[in-house]
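Enquirer: Let's see this in three dimensions:
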Amino acid sequence: MLMSEKYTVARMIKDNEHFEVLVKPQKALDYRMGKIAAITEVLVTETIFSDANKGTKVSEENLRKAFGTTESLKIAEMILKKGTLQLTTEQRRKMVEDKRKQIVDFISRQCVDPKTNLPHPPLRIENALEQIHFSIDPFKPVEEQAREIIKLLRPILPLKMEQVSVGVHIPAEYSARAYGTIKVFGTIKREEWRGDGSWYGVLEMPAGLYGPFLEKLGEITKGSGEAKIIS
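Expert: Got it, this is the predicted structure:
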């Protein structure tokens with residue numbers, strides 16, 4: 001396998017033919033994630049290979065047949081955007097670890113223990129995750145993987161995904177400032193700005209966020225905000 005800290009491979013299979021380009025590992029990852037736009041920053045060489053390990057180039061005829069063009073930069077863009085990027089060991093380790101933390105955070109926020117209706121601490125979720133040996137995909141969306149993991153965790157860690165409706169009242173002196181903060185916790189189902197400048201609304205949120213929401217509300221209203229679960 002052709003791999004170093006200086007270059008790696010992006011590949012695509014099209015009509016049973018292999019197409020590969022040599023790329024700079026971090027630049028290629030940044031390109032895939034939309035952090036840089038210039039393909040020329042990514043490529044080690046503009047050559048399109050059928051096997052980069054062996055240095056075997058693809059003929060112009062096969063390029064035209066597969067991509068409708070022989071322009072290497074356009075083809076390289078297609079390979080990088082739609083093909084498979086070979087990550088370095090360190091890149092994969094870091095991306096998997098970051099994704100793992102996001103998944104644990106998602107489960108902690110979205111789920112509660114059905115016995116207590118309280119969220120499980122992240123460490124407890126991490127320990128349970130170790131037991132199911134789930135292979136985290138660094139490119140797959142957090143929510144998609146989290147939902148798969150929740151199903152696998154349930155036999156060893158009771159989990160319930162539940163939404164709650166919370167009635168919230170914020171006094172006038174804090175209403176404008178607090179409004180933007182509380183919105184991030186859920187969806188406002190109804191609201192009213194009252195004559196005295198205070199705000200009342202019904203917020204739908206994951207049950208696991210209710211505790212952190214109460215803490216935040218208390219912090220930004222200096223304990224004068226009110227909230228209670230209404231359904």
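Enquirer: Was I right to think E162 contacts P206?
Expert: Yes. Assessed by C-beta atoms under 8 Å, E162 is found in contact with P206 at 7.3 Å. For glycine as for every other residue, the C-beta is placed from the backbone atoms N, C-alpha and C.
Enquirer: between the two, which one's more packed in?
Expert: Between E162 and P206, counting by other C-beta atoms under 10 Å, P206 is the more crowded of the two (20 against 14).
Enquirer: so what's that one up against?
Expert: Residues in contact with P206, defined by C-beta atoms under 8 Å, 6 or more residues apart in numbering, are R109, Q110, C111, M161, E162, Q163, V164, G186.
Enquirer: and those residues, which are buried?
Expert: With neighbours counted using 16 or more other C-beta atoms under 10 Å, those contain these buried positions: R109, Q110, C111, V164, G186.
Enquirer: Quick check: what element follows the lowest-mean-pLDDT helix or strand in the chain along the chain?
Expert: One helix or strand of the chain scores below all others by mean pLDDT, DSSP states H and E: strand 160-161, with a mean of 84. In the C-terminal direction, the helix or strand that comes right after strand 160-161 (DSSP states H and E) is strand 163-170.
Enquirer: follow-up on the earlier one: just give me the least confident of the contacts of P206.
Expert: Least confident by pLDDT among these: that is E162, with 79.
Enquirer: what's the closest non-adjacent residue to that residue?
Expert: What sits nearest to E162 in space, not counting adjacent residues and going by C-beta to C-beta, 6 or more residues apart in numbering, is A207, at 4.1 Å.
Enquirer: Would you agree that neighbour is in contact with V166?
Expert: No. Under the criterion of C-beta under 8 Å, A207 is not in contact with V166, lying 9.9 Å apart.
Enquirer: Excluding residues flanking it in the chain, which one is nearest G186?
Expert: In space, not counting the residues next to it along the chain, G186 is nearest to M205; the distance is 3.0 Å by C-beta to C-beta, 6+ apart.
Enquirer: quick one: low-confidence ranges for the protein?
Expert: Low-confidence segments of the chain (pLDDT under 70): 1-5, 231.
Enquirer: Phi first, then psi, for V42.
Expert: The phi and psi values for V42, taken as degrees, to the nearest 10, are phi -90, psi -40.
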